[in-house]
Structures are given as C-alpha cells and as structure tokens.
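# build me a structure from this.
(2 chains)
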Amino acid sequence: MNIDNIKKEFPIFNNKVHNNDLVYLDSANSSQKPQVVIDRIYDFYTKEFSNVGRSVHYLAVAATNLYENTRVSVQKYINAKDKNEIVFTKGATEAINLVANTFGQKYLKEGDEVLITELEHHSNYVPWHYLRKSKGIKIEFADVNEDGEVALESIEKKITSKTKIIAVTHLSNVTGAILPIKEITKLAHSKEIPVLVDGCQGAPHLKLDMQDLDCDFYAISCHKMYGPTGLGILYAKKKWLEQLPPYQGGGGMIKEVKKEDISYGELPNKYEAGTMATAQVVGFDQSIKFIEKIGIENIIKHEKELMEYGQQVLRKNNSVKIIGNPKEKGAVISFTIEGVHPHDVATILDEDGVAVRAGHHCCQILHEKLGLSGTTRASFGVYNNKNDIDQLNNSINKCKKIFNLK
Amino acid sequence: MNLKELYQEIILDHGKNPHNLKKIENFNKDAKGYNPLCGDKVHVYLKLDENKNINDISFEGSGCAISMASASIMTDLLKNKKEKEVKEVVKDFLEMIKEKPELSTKILLEDEKTKLMCLSGVKQYPMRVKCATLSWHTLTSAMDGKKEEINTEKFD
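Sure, this is the predicted structure:
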C-alpha cells in the first residue's frame, strides 16, 4: 500500500468543506476511518450480527469468534503475553477509570500518593481526583520543562515512599513529547511501584510492545487508531487483572449468582459487564489490519517527515510560535499566533476546509503552566501530506491578513 | 459562511483595544462568567446608584476577538442606562444573536443598534455564539446579584 495514495482509502476526503478540499489536521482528537473499517461494520450488522458469549445459535457462535479474534489481533499487535490481558472498554477514558477505581479501592488509603505529570490529559487526572475526594489520597505532578517534555529525573524527584502508582502519558497531545516509558517503568519497578500509561496518542503513532515497555497498564483509544468510536482497550498485566476487584457489575461478568452471594467470572469476562460494543470490536480488527498493511514503521517515518516539514514551514512564518520543543516528538504541532485568539484562528482556518483544534485540548494544567489560555493544534495522521501543511500555512497567512498582522 | 461579516473592522478594533477593560472603583455589583469549551473568562463590574441607574460598567477578562468585542461594545452602550432598560437590551440582543433578524428595542439609538448588529455575523457560526453572549449573560448575573459563576454550557 503506497502511503502517498493513502488518502484514497478514506471516503471522508471525497466531501468538500465550505467548497474546499478537506485538510484534516485533527487526528489527535479523532482519526478518520478507512473504507475497510466502515465496510466491516456494515457487513457485520448486515450479515453476521448477534450478541456475543451468551447464546448457542449459529450467529452467536460466529459473532463470539469474531469478537475474540480481535482480542487476539490486539494482543499480537501490542505484543502482550496473554490474550486475557486485553480488556475492551468504551474508551481509553473508561480504561483509566477502571484502573483508578479498582486499584484505588483495593490498594490506596489516605495520604497515599499518585504521581502523574503536568502534561496529562484530563482523562488521566480527573479519575485520580475522585480518589483524592473519596479516600484522601494526594496527587503529585512531575514538572514539565521549558521544552514541553517530562524528563525521567523530574519523575524520580517526585517519587516518595508514599507513591503507590505512577500514571503518565506516552505522547503528549499538546507538545508532542514522547516520554521515556521503558526507563520510567524500570525506575518505578525498582521501587515496586506499578505504572499506568495513557496511550491515546502513543498507540496510533508509535510501535507498541507491552513486554518490552513492561508497564502494568496501557490505555488505548480505538477511534484515534482509524477505528470506531465507543471502543477502548485496557492492557493490564494478568497479575493485576486477577488481583483487582471487578469494575462494573452486570451480565456476562459473573460465574454464579445466588441470593446470598455472587462469584465473578474469569478473565477477561470479569471486566466486560453487559453487552459490549460488538460491531466496533469486529470493525477494529480491520483497523489493525489496515495499520499492519501499511506498516507502523512506515507510518512513523511518514508522520515524522510531516511533523518536521510542518515545524520548518511554521517556524519561517513570523508571528507563529510553536509550543514546546521536545527532543522526541510525535505527530502534533501546537502553536499560537501573536494577537489572534486560537478560536478565531480555528474559525478562519475552517473556512478554507482546514480542520484544527483550538483551546486547552483537555490539558488545562499544562496550559496554565505555560501561561496560555489556549493554543491551536495541528495533528497528523497517515492520510496527511505536505500539501496539507502548505494549505495550513496559507490559511494562517489569511488569518494574519484579516487581523492586520505582518 | 462569511468571514468578512464575522470579522468586521469594528469587531477587530474592539477586539484588539477593548473599551472599559478595567476594574472600576467602588463597584457594587459584579459577576464572573466562564466558557469551559475554550477557557474564556470574563468578570463584569457595575456601579448602580440608588435609582438603579448604571453609573459605570466595566469588565476584565481574556478571550477571542468576538468575546472581547462583544463585552467592549456592550459596556459602551449600556453605561448610564437604567437597570430595567439594560435588561430589555440584553434580552433583545440575545434573541437577535440566536434567531431574530433585527434588534427591536427602542432604548438604543439607531447608530447604537447598527454598532451592536456588527456582532450578528456570529449567527452563521453556531460554535461561536457563546463567545458573543458570555459577557451579556454575566451582566445579567451581576444585576441579579447571583453568586455563582456563569457557565455558558448552561445556556442554549
């Protein structure tokens, strides 16, 4: 599959936005979907649909097999040791809530510390805040440096004898900083502290190897990986899934239910209560196949070229200021235009069909630290090309013209 | 869609150099407003006399060109109006920005209405209407003496 022609695989680009070609630079928010994924969901509902894991009829068996096939595909894709270490959730947010809730319930008490970073998305802060309110735990923040990255040392500095879990992003959705997860895990494990990784931005843009990273938990957002919405994945080491209590209660997660007591099912059912997002799970198998067909190494190379070209172009544009300068950086460029508010930038860009995100990107802690109320963010996916960046730059110039900037 | 209608010179001027952007001394009513979607904040200050005339009005805050221009024009037009008149203008403005083609209030002069109508371009941008209405909702809250911060998500 030629990466230069990949746009053709995504039907959304056949549509015009305000009579212009769509320049989609909001993949860190959510990615567009290739035809194969859309078709797979359509076909599943048209020919193969049934609920999974319950009935014995033909369709139920077929659907259950398809559902479990995706679990194996995910296991292989992220190199997890065991397929039962893959738990489907409604999103990465639920995956993190699942861990915060169950780990907090069993292992955290008043005065214990959860260590996160100033880069974190709200989804890797708010769930821990609940425990601050309910259990009186403390949340510590590892500092972000002036390049917009979190160094191993700043994490080390905040570890105390009370640190019970470290929860960090793999790749910042604002500065693009890639965190040294392997080193963080090694350090944390030397002090017997488990590590949760928010992999929302990491999973679509980096090569994943759970056994190599050695983290305890890894949260994935499927809709950012050219997959359907309403689906996330929690990878967790088996020992944790066995030790932790169940999360939501309901059908499918039980072993035996009596009036006096209830016993819970085996992994992974223990964490998949109720009817799951079956069609999305089946569709997501095609997302993984799509990525594998192109090759994640090719995607990484392509996106790195785009990001570097984007930085080069935007740096030449005076009045544009790029936020952060991490040494290891993913496919995202956040910037400000002096004298123009990010929401005005986004509205003007949209008129040209250029879709970016403006605001705090669910990272208010980081923006406060940077002294900014918001930024404009261009984030890339496999379907972007250099023309998209040139169009971004042209539209930024239009914005400057409207606001009488030089 | 028409960017020229949205970003008229008058909006850009007020956005860049907002009028009444300060905290007035001896204010006796105030309220804060917040737009959680974009993080924009505004704080409106009023000085009402015993006859409920607005002797002075100002605001502090930061935000996009639309929200700053809207607050700037609002404070310009409502200074020295009676509280009752202000409420009528606020209602008229909010109706206009959502659906009505024109302003119908008799309280403002024609040229004042023309100035306010410069904000009507925002109608074509549903995601931006709250930028224009934030300071107006906050003003109402200040007049009503509400303690709670205004949150644009609570309005249509």
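# show the pLDDT at residue 38.
Went with chain A since none was named. If you check residue A:38, the pLDDT there is 98.
# that's the wrong chain, I meant chain B
In this prediction residue B:38 is given a pLDDT of 74.
# next, the contact list for it, please.
Residues near residue B:38 by C-beta atoms under 8 Å, 6 or more residues apart in numbering or on different chains: A:342-343, A:358-360, A:373-374, B:63-64, B:131. C-beta coordinates here come from the backbone N, C-alpha and C atoms, glycine included.
# again, 7 Å this time
Shown in contact with residue B:38 (C-beta atoms under 7 Å, 6 or more residues apart in numbering or on different chains): A:343, A:359, A:374.
# can you pull out the strands in chain B?
For chain B, the strands defined by DSSP state E occupy B:29-35, B:40-48, B:54-62, B:150-151.
# save those strands as CSV, and put in mean neighbour count and distance to residue A:8 too.
Shown next, in CSV, are the strands of chain B (neighbours: other C-beta atoms under 10 Å in any protein chain shown; distance: least, C-beta to C-beta, whole Å):
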stretch, mean neighbour count, distance to residue A:8
strand B:29-35, 21, 39
strand B:40-48, 22, 40
strand B:54-62, 20, 43
strand B:150-151, 20, 44
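# in the stretch 51-200 of chain A, which spans are strands?
Assigned by DSSP state E, counting those that start in this stretch, the stretch 51-200 of chain A shows strands spanning A:86-89, A:113-117, A:138-142, A:163-169, A:195-198.
# give the contact list for residue B:5.
residue B:121.
# close to chain A: what parts of chain B are there?
B:1, B:3, B:7, B:12, B:37-39, B:62-65, B:125, B:128, B:131 (C-beta under 7 Å from any C-beta of the partner chain).
# pLDDT-wise, what's the bottom of those residues?
pLDDT across the residues of chain B next to chain A is lowest for residue B:1, at 58.
# from chain A, how far off is residue B:28?
Separation of residue B:28 from chain A (C-beta to the nearest C-beta, to the nearest Å): 29 Å.
# what is the neighbour count of that residue?
Around residue B:28 there are 13 other residues, counting by other C-beta atoms under 10 Å in any protein chain shown.
# what helix or strand is residue A:29 located in?
Using DSSP states H and E, residue A:29 sits in no helix or strand.
# single out the most deeply packed of the strands of the stretch 51-200 of chain A.
Stretch with highest mean neighbour count among the strands of the stretch 51-200 of chain A: strand A:195-198 (a mean of 28; mean count of other C-beta atoms under 10 Å in any protein chain shown).
# and that one, how far out from the chain middle?
Remark: strand A:195-198 is offset 11 Å from the chain centroid, using C-alpha atoms, centre = their mean, to the nearest Å.
# could you dump it to CSV, C-alpha only?
What follows is strand A:195-198 as a C-alpha-only set of coordinates in CSV (Å, rounded to 0.1, in the frame of the first residue of the first chain):
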residue,chain,number,x,y,z
VAL,A,195,3.0,2.2,36.0
LEU,A,196,-0.1,3.1,34.0
VAL,A,197,0.4,4.6,30.6
ASP,A,198,-2.1,6.8,28.8
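# name the strands paired with that strand and say parallel or antiparallel.
strand A:163-169 (parallel), strand A:217-221 (parallel) (DSSP bridges).
# need the ones you listed in TSV with mean pLDDT, can you?
Listed next are those as TSV, based on pLDDT from 0 to 100:
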stretch	mean pLDDT
strand A:163-169	98
strand A:217-221	98
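# for the ones you listed, which one sits closest to residue B:25?
strand A:163-169 (45.8 Å; C-beta to C-beta).
# got the angle for the closest one vs strand A:113-117?
Relative orientation of strand A:163-169 and strand A:113-117, computed by axes from the mean of the first three to the mean of the last three C-alpha atoms, to 10 degrees: 20 degrees.
# give me the number of neighbouring residues for residue A:239.
Neighbourhood size, residue A:239 [other C-beta under 10 Å]: 11.
# that one belongs to a helix, doesn't it?
Yes - with DSSP: H, G, I helix; E, B strand; the rest coil as the criterion, residue A:239 is assigned to a helix.
# state the pLDDT value of it.
Residue A:239 is assigned a pLDDT of 97 by the prediction.
# for the one 10 residues further on, same thing?
In the prediction, the pLDDT value recorded for residue A:249 is 94.
# okay, the residues of chain B next to chain A in TSV with distance to residue A:86 next?
Shown next, in TSV, are the residues of chain B next to chain A (distance: C-beta to C-beta, whole Å):
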residue	distance to residue A:86
B:1	45
B:3	47
B:7	49
B:12	53
B:37	34
B:38	37
B:39	36
B:62	45
B:63	44
B:64	43
B:65	47
B:125	42
B:128	42
B:131	43
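# just the buried members of those residues?
Among the residues of chain B next to chain A, those classed as buried by 16 or more other C-beta atoms under 10 Å in any protein chain shown are B:3, B:7, B:12, B:38-39, B:63-65, B:125, B:128, B:131.
# just to revisit the earlier point, which one of the strands of chain B has the lowest average pLDDT?
Mean pLDDT values for the strands of chain B show the minimum at strand B:150-151, a mean of 76.
# that one: how far from the chain's middle?
From the chain centre to the centre of strand B:150-151 is a distance of 14 Å (C-alpha atoms, centre = their mean).
# and residue 79, how many neighbours?
I'll assume chain A. Count around residue A:79 with other C-beta under 10 Å applied: 14.
# to clarify, I was referring to chain B.
Using other C-beta under 10 Å, the number of residues around residue B:79 comes to 17.
# contacting residues for it?
If a contact means C-beta under 7 Å, 6+ apart, then residue B:79 has B:54, B:56-57 as its contacts.
# circling back to that earlier point, closest one of the buried ones among the residues of chain B next to chain A to chain A?
Taking C-beta to the nearest C-beta as the measure, chain A lies nearest residue B:64 of these, at 3.7 Å.
# for chain B, which spans come out with low pLDDT?
Within chain B, the stretches with pLDDT under 70 are B:1, B:155-156.
# what of chain A?
Within chain A, the stretches with pLDDT under 70 are A:1.
# how does it divide into domains?
A:3-30+A:295-402, A:38-292 (automatic domain parsing).
# now render these as TSV, adding distance to residue B:18.
Output for these, formatted as TSV (distance: least, C-beta to C-beta, whole Å):
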stretch	distance to residue B:18
domain A:3-30+A:295-402	12
domain A:38-292	28
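# just the helices in chain B please.
B:3-6, B:9-16, B:65-78, B:83-98, B:110-117, B:129-143 (DSSP state H).
# chain center to the third one, what's the gap?
What that stands for is helix B:65-78. The chain centre lies 5 Å from the centre of helix B:65-78; the measure is C-alpha atoms, centre = their mean.
# could I have the CA atoms of that helix written out in PDB?
The C-alpha trace of helix B:65-78 is given here as PDB (Å, rounded to 0.1, in the frame of the first residue of the first chain):
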ATOM      1  CA  ALA B  65     -11.900  38.800  19.200                       C
ATOM      2  CA  ILE B  66     -15.700  38.100  19.300                       C
ATOM      3  CA  SER B  67     -16.000  37.800  23.000                       C
ATOM      4  CA  MET B  68     -13.800  40.800  23.700                       C
ATOM      5  CA  ALA B  69     -15.600  43.000  21.100                       C
ATOM      6  CA  SER B  70     -18.900  41.900  22.400                       C
ATOM      7  CA  ALA B  71     -18.000  42.900  26.000                       C
ATOM      8  CA  SER B  72     -16.500  46.100  24.800                       C
ATOM      9  CA  ILE B  73     -19.500  47.200  22.800                       C
ATOM     10  CA  MET B  74     -21.900  46.100  25.500                       C
ATOM     11  CA  THR B  75     -20.200  48.200  28.200                       C
ATOM     12  CA  ASP B  76     -20.000  51.200  25.800                       C
ATOM     13  CA  LEU B  77     -23.800  51.000  25.000                       C
ATOM     14  CA  LEU B  78     -25.200  50.300  28.500                       C
END
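# hmm, who's touching it?
Residues outside helix B:65-78 that contact it (C-beta under 7 Å, 6+ apart) are A:341, A:344, B:7, B:11-12, B:14-15, B:18-20, B:40, B:42, B:54, B:57-59, B:61, B:86, B:89, B:108, B:112, B:115-116, B:119, B:122, B:128, B:131-132, B:134-136, B:139.
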